[in-house]
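>>> Next comes the sequence, and after it the predicted model I'd like to discuss.
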Amino acid sequence: MAYRLVKREGIIILEINRPAIHNAINMEVLEGFKELVHIVKNESSIKLAVITGAGDKSFCSGGDLTVLHKLKTEQESYEMLSDAATILYDVATLPIPTLALVNGTAVGGGCEIATLCDYRLVKKGAKCGFIQGQLAITSGWGGGTYLWEKGLRLDHTLQMLTESIPYASDQLLAIGWATEVFEGNKYDALETFIQKMIVPHESVLKAYKMQLIRKWQQTKLFERIIEEVRTCSVLWEQEAHHQAVDSFLSKKK
Ligand SMILES: CC[C@H](C(=O)O)C(=O)SCCNC(=O)CCNC(=O)[C@H](O)C(C)(C)COP(=O)(O)OP(=O)(O)OC[C@H]1O[C@@H](n2cnc3c(N)ncnc32)[C@H](O)[C@@H]1OP(=O)(O)O
């Protein structure tokens, strides 16, 4: 399976399970996100949703370029991008806190997925960044729009998007993108982090998450995400993007 879903003691964990290609996202993984949303919305006892990656190298390297490179036109890419962005919006607006357990590299759409979560626990040494610019596109799953919502200094937000490079864990903490940086076993770090949060009744957690979701509804976050998708799909069709993807794939061993 391209993902694993594990429930334990009020927590549900989705692990992206494609470590050979740095946990790149394909349609099967997106189905896993849909299943995560379905479970949380139907099991009121779940208090926290965690996303992580299999292995110790990567959290997620974004969209699977061996699949995505087949999409050439604005319309083809818009359909894929909007489908994924809609699924990920349902994850971001789950009625409980969400946490990215960043066990390694998170780049491109992988950095977008970590950014949409409410918390980011980042392994020391992990590198995360919006590297889409290296492919001559912008973020396309909502990640840029979510980043503007995370309360970083506006110049740091624009810098993280436009530099299109992975940031080291200490820099991610310094600019306020990482909630915490941990060393050692990721599940030990998760356990320590949630000790305090799991105490309140789930209705308390849901009430506070609803305050954020209400703000996003009132500021038309989803509409802004679809504008991001449209911008990405226009750039996607450009020759510069296709050349950048072909160049990456031609390096494959
Ligand atoms: C859908 C749109 C979305 C957005 O724009 O919002 C996106 O995410 S677009 C995709 C953006 N992601 C990338 O461009 C990341 C590409 N990958 C890398 O930069 C590197 O692989 C990295 C930094 C993750 C790891 O580098 P490292 O040198 O340690 O490993 P390799 O590059 O040799 O990778 C090993 C192996 O995995 C394959 N691989 C890695 N990432 C992807 C990917 N996203 N899609 C498909 N395949 C990927 C890589 O080709 C190598 O394959 P091999 O056959 O072993 O040569």
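That came in fine, so what should we check first?
>>> So residue 74 sits against residue 234, correct?
Yes: counting by CB atoms under 8 Å, residue 74 does reach residue 234; the two are 5.6 Å apart. (C-beta placed from N, C-alpha, C; glycine too.)
>>> And the residue nearest the centre of the protein?
Of all residues in the chain, the one closest to the mean position by CA atoms, centre = their mean is residue 113, 0.4 Å from it.
>>> Okay, residue 205 and residue 96: tell me how far apart.
Look at residue 205 and residue 96: by CB to CB, to the nearest Å, they are 6 Å apart.
>>> what do the two both touch?
Residues touching both residue 205 and residue 96 (CB atoms under 8 Å, 6 or more residues apart in numbering): 47-48.
>>> counting residues per helix, which one in the chain is longest?
For the chain, the helix with the greatest residue count under DSSP state H is helix 74-92.
>>> what does that one contact?
Helix 74-92 has contacts (CB under 8 Å, 6+ apart) with 25, 30, 33-34, 36-37, 49, 51, 63, 68, 71, 98, 109, 112-113, 116-117, 140-142, 146, 221-222, 225-226, 228-230, 232-234, 236-237.
>>> So which of the residues you listed sit within strands?
Those of those mapping onto strands are 49, 51, 98, per DSSP state E.
>>> ok, the residues you listed vs the ligand, which is closest?
Nearest to the ligand among the ones in strands among the contacts of helix 74-92 is residue 51, at 14.9 Å by CB to the nearest ligand atom.
>>> ok, the closest one - contacts?
The contact partners of residue 51, taken as CB under 8 Å, 6+ apart, are 13-14, 16, 91, 98-101, 113-114, 117.
>>> Let's see that with 7 Å instead.
Going by CB atoms under 7 Å, 6 or more residues apart in numbering, residue 51 touches 14, 100-101, 113, 117.
>>> just residue 111 next, same as before
128-130, 143.
>>> same question, residue 67
Counted by CB under 7 Å, 6+ apart, residue 67 has contacts residue 26.
>>> ok, now residue 230?
Neighbours of residue 230 in contact, by CB under 7 Å, 6+ apart: residue 78.
>>> Distance check, it against residue 237.
12 Å.
>>> residue ranges of the helices in the stretch 101-250 of the chain, please?
109-116, 143-147, 154-163, 169-174, 186-194, 202-218, 221-236, 239-250 (DSSP state H, counting those that start in this stretch).
>>> got a list of contacts for the fifth one?
Going back to what we said before, that points to helix 186-194. Contacts for helix 186-194 (CB under 7 Å, 6+ apart): 48, 50, 52, 101, 103, 121, 123, 180, 182.
>>> Where does pLDDT dip in the stretch 151-253 of the chain?
Where the stretch 151-253 of the chain drops to pLDDT under 70, the residues are 253.
>>> hang on, the earlier thing: so which of the contacts of residue 51 is the most crowded?
For the contacts of residue 51, the largest number of neighbours (other CB atoms under 10 Å) sits with residue 113, at 31 neighbours.
>>> Isn't that residue up against residue 60?
Yes: the pair residue 113 / residue 60 is scored as a contact, 5.8 Å apart, by CB atoms under 7 Å.
>>> coming back round to it: please report the confidence value the model assigns to the residue nearest to the centre of the chain.
Per-residue pLDDT puts residue 113 at 99.
>>> Relative to residue 45, how far out is it?
25 Å.
>>> what does residue 191 give?
As judged by CB to CB, residue 191 and residue 45 stand 18 Å apart.
>>> Who has more neighbours out of these two?
A count of neighbours by other CB under 10 Å puts residue 191 above the other of residue 191 and residue 45, at 13 against 8.
>>> Touching stretch 129-138 from outside, list them.
For stretch 129-138, contacts defined as CB under 7 Å, 6+ apart pick out 107-108, 111, 139, 143-144, 160-162, 164-167, 228, 231-232, 235-236, 238, 240-241, 244-245.
>>> filter those by proximity to the ligand?
Applying CB under 6 Å from any ligand atom to the contacts of stretch 129-138, one finds that 107-108, 139 fall near the ligand.
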